[in-house]
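Asker: Sequence plus predicted model, see below.
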Protein chains: 2
Amino acid sequence: MQKIHAMIFDLYGTLYDVHSVSQACEQAYPGHGDAIAILWRQKQLDYTWLRSLMERYADFETVTEDALRFTCIKLGLPLLAGTVRQLSDQYLHLDPHPETPATLRRLRDAGVPMIIASNGSRNTINQVVSNSGLKWAFDQFVSVDDVEVFKPHRKIYLLAEQRVGYPRENILYVSANGWDASAASLFGFPVCWVNRDGGPLEELGATPAIIVPDLAAMADWLLELR
Amino acid sequence: MQKIHAMIFDLYGTLYDVHSVSQACEQAYPGHGDAIAILWRQKQLDYTWLRSLMERYADFETVTEDALRFTCIKLGLPLLAGTVRQLSDQYLHLDPHPETPATLRRLRDAGVPMIIASNGSRNTINQVVSNSGLKWAFDQFVSVDDVEVFKPHRKIYLLAEQRVGYPRENILYVSANGWDASAASLFGFPVCWVNRDGGPLEELGATPAIIVPDLAAMADWLLELR
């Protein structure tokens, strides 16, 4: 592997815990919190892929609300506009994974330039990171808003590479989403797949440079390497 | 709605029952047949969407085998090359839904030109339809092989329209896959969504011309209309 000069982080699932919305879902719909959070996330991804393929981009807030509406109807739960809006707002207040803040601090102290490249809109990314007090860690945010197509279309990886300003082989791309890790590998980044749930590699013909259980293990490896 | 001069059928889930593979899965992995069939189909779709977005087309047989390998590993089941091949071959021997043969006969007798437009490869479509003895019903098959991108990219709908030879507003597009029905509507076909499991409409901003519980109800409606 080439020397790593900078890092690109995925946001949802990688730095932040998408299932942290399940608590608010549980409060709104007692007994259904986990089921909502799981189906909601799956439909959210489906809609990003389907809209991208149909060339009908809508921003992440819109897709997130659409996915929640589908989820509630599918699960036979009453659909109240105020509740949908309120729960969707939870995606702006995601909890970072427990090891995220300290890991970012270590990497920042080591002088590694870090950016986020996310399916979130510019506004969403900014709010999630600000609300969790982690804005100091990142040099910039790259949003799919600028290319109007969601991951894993190569346009977002290319834009992120250009914004970082190093050749892709010198940029470590970090994602906990197996399909995103695969796509970034196929694009040409060395990739760290944060395999949080110990699931199998996606069968998409790509191999990450390294697989770790969490971000702390990634930082151990990277800082040793440098 | 304009007068209907021809029909385009989706194959998987619409004319044929994708869960008919679960019996063979159950024989190969006792106690896991249904779980395999459900996750397998979901990953199969995921991989068609992801590969299309990554612009890395592989044919349906390949994607189907890849999805089954992922499924077995994910469910902690032993992975034998012979078993994967044998189970994937089940996708060439799908059962038609119970009402499919008689409905096709009614429509054929009424003189409605019918084609299939499918994610399957040319070989796959041909085999599924031949193996079930329904080849007499269709004028032609349109495969994503000819555009090298899966549904819901508009290229496959456009190719199907061109092959039929009528303007899209005169072609009824029939699909049991909600996302496919939505995409075909947005493309401009009048769409019949065969909502077999009574689930909600996908939240993709499209409305089918008609929603029916099965193909027989579609034929009742169409033949009355003509």
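Answerer: Received the coordinates, thanks. Numbers count the residues shown, from 1 in each chain, chains lettered A, B, ... in the order given.
Asker: I would like the residues contacting stretch A:208-220, please.
Answerer: Contacts with stretch A:208-220, where a contact means CB atoms under 8 Å, 6 or more residues apart in numbering or on different chains, come from A:1, A:14-15, A:97, A:99-100, A:102-103, A:106-107, A:172, A:174, A:181-182, A:185, A:190-196, A:198, A:201, A:221. For the C-beta atoms, the positions are set from N, CA and C on the backbone; glycine is no exception.
Asker: Can you tell me which of these are classed as buried?
Answerer: When the contacts of stretch A:208-220 are checked for burial by 16 or more other CB atoms under 10 Å in any protein chain shown, the buried set is A:14-15, A:97, A:99-100, A:103, A:106-107, A:172, A:174, A:181-182, A:185, A:190-196, A:201.
Asker: Correct me if wrong: A:Asp34 contacts A:Ser22.
Answerer: Yes: using CB atoms under 8 Å, A:Asp34 is in contact with A:Ser22, at 5.3 Å.
Asker: So which of the contacts of stretch A:208-220 are in strands?
Answerer: When DSSP state E defines the strands, the subset of the contacts of stretch A:208-220 inside them is A:172, A:174, A:191-194.
Asker: what's the longest helix in chain A?
Answerer: Longest helix in chain A by number of residues, with DSSP state H as the criterion: helix A:33-53.
Asker: From the contact counts, what lies against it?
Answerer: Packed against helix A:33-53 by the contact rule (3 or more CB pairs under 8 Å, 6 or more residues apart in numbering or on different chains; DSSP states H and E) you find helix A:22-28, helix A:60-74, helix B:33-53, helix B:178-187.
Asker: least trustworthy helix or strand in chain A by mean pLDDT?
Answerer: Taking mean pLDDT, DSSP states H and E as the measure, helix A:81-89 is the helix or strand of chain A with the lowest mean score, a mean of 90.
Asker: centre of the chain versus that helix, how much separation?
Answerer: Centre-to-centre, helix A:81-89 and its host chain are 21 Å apart (CA atoms, centre = their mean, to the nearest Å).
Asker: And A:Ala117, how far from A:Leu159?
Answerer: 8 Å (CB to CB, to the nearest Å).
Asker: Tell me which of the two has more neighbours.
Answerer: Set A:Ala117 next to A:Leu159 and count neighbours by other CB atoms under 10 Å in any protein chain shown: A:Ala117 wins out with 27 against 16.
Asker: which element is that one on?
Answerer: With the criterion set as DSSP states H and E, the secondary-structure element containing A:Ala117 is strand A:114-118.
Asker: now the angle from that strand to strand A:171-175?
Answerer: Between strand A:114-118 and strand A:171-175, the angle formed by their directions is 50 degrees, by axes from the mean of the first three to the mean of the last three CA atoms, to 10 degrees.
Asker: So what pairs up with A:Leu172 in the strands?
Answerer: On DSSP bridges, the residues paired with A:Leu172 through beta bridges are A:Met7.
Asker: where's it relative to chain B, distance?
Answerer: Note on A:Leu172: its distance to chain B, by CB to the nearest CB, to the nearest Å, is 20 Å.
Asker: That residue is in contact with A:Ile4, isn't it?
Answerer: Yes: judged on CB under 8 Å, A:Leu172 makes contact with A:Ile4 at a distance of 4.8 Å.
Asker: what do these two both touch?
Answerer: Taking CB under 8 Å, 6+ apart as the contact rule, the neighbours common to A:Leu172 and A:Ile4 are A:190, A:222.
Asker: Can you get me the centre-to-centre distance for the longest helix of chain A and its chain?
Answerer: 13 Å.
Asker: buried sites along it?
Answerer: Of the residues in helix A:33-53, those scored as buried under the neighbour-count criterion (16+ other CB under 10 Å) are A:33, A:35-37, A:39-41, A:43-53.
Asker: before we move on, the earlier item: how about the helices and strands packed on helix A:33-53 in TSV, adding mean pLDDT?
Answerer: Rendered in TSV, the data for these read as follows (pLDDT from 0 to 100):
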stretch	mean pLDDT
helix A:22-28	94
helix A:60-74	96
helix B:33-53	96
helix B:178-187	98
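Asker: Adding distance to A:Asp146, write the ones you listed out as JSON lines.
Answerer: Rendered in JSON lines, the data for the helices and strands packed on helix A:33-53 read as follows (distance: least, CB to CB, whole Å):
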{"stretch": "helix A:22-28", "distance to A:Asp146": "30"}
{"stretch": "helix A:60-74", "distance to A:Asp146": "13"}
{"stretch": "helix B:33-53", "distance to A:Asp146": "17"}
{"stretch": "helix B:178-187", "distance to A:Asp146": "24"}
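Asker: Now do the domain split for chain A, please.
Answerer: The domain map for chain A lists A:6-16+A:94-225, A:19-92, with the assignment taken from automatic domain parsing.
Asker: Report the contact partners of A:Ile36.
Answerer: Applying CB under 8 Å, 6+ apart to A:Ile36 gives the contacts A:22, A:25, A:29, A:68, A:71-72, A:75, A:77.
Asker: any idea how far it is from chain B?
Answerer: When distances are taken as CB to the nearest CB, A:Ile36 and chain B turn out to be 14 Å apart.
Asker: next one: A:Ser22
Answerer: According to CB to the nearest CB, A:Ser22 and chain B sit 20 Å apart.
Asker: State the mean pLDDT of stretch A:149-159.
Answerer: Taken as a whole, stretch A:149-159 has a mean pLDDT of 98.
Asker: okay, how far is it across that stretch, tip to tip?
Answerer: Distances were taken as CA to CA, to the nearest Å; on that basis the terminal residues of stretch A:149-159 are 12 Å apart.
Asker: okay, the angle between the strand holding A:Ala117 and helix A:178-187?
Answerer: Relative orientation of strand A:114-118 with respect to helix A:178-187: 110 degrees, computed using the same axes, to 10 degrees.
Asker: Only the C-alpha atoms, please, for strand A:114-118, written as CSV.
Answerer: Extracted in CSV, the C-alpha atoms of strand A:114-118 (Å, rounded to 0.1, in the frame of the first residue of the first chain):
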residue,chain,number,x,y,z
MET,A,114,-9.7,14.3,7.4
ILE,A,115,-12.8,14.9,5.4
ILE,A,116,-16.3,13.5,5.3
ALA,A,117,-17.9,12.3,2.1
SER,A,118,-21.6,11.5,2.6
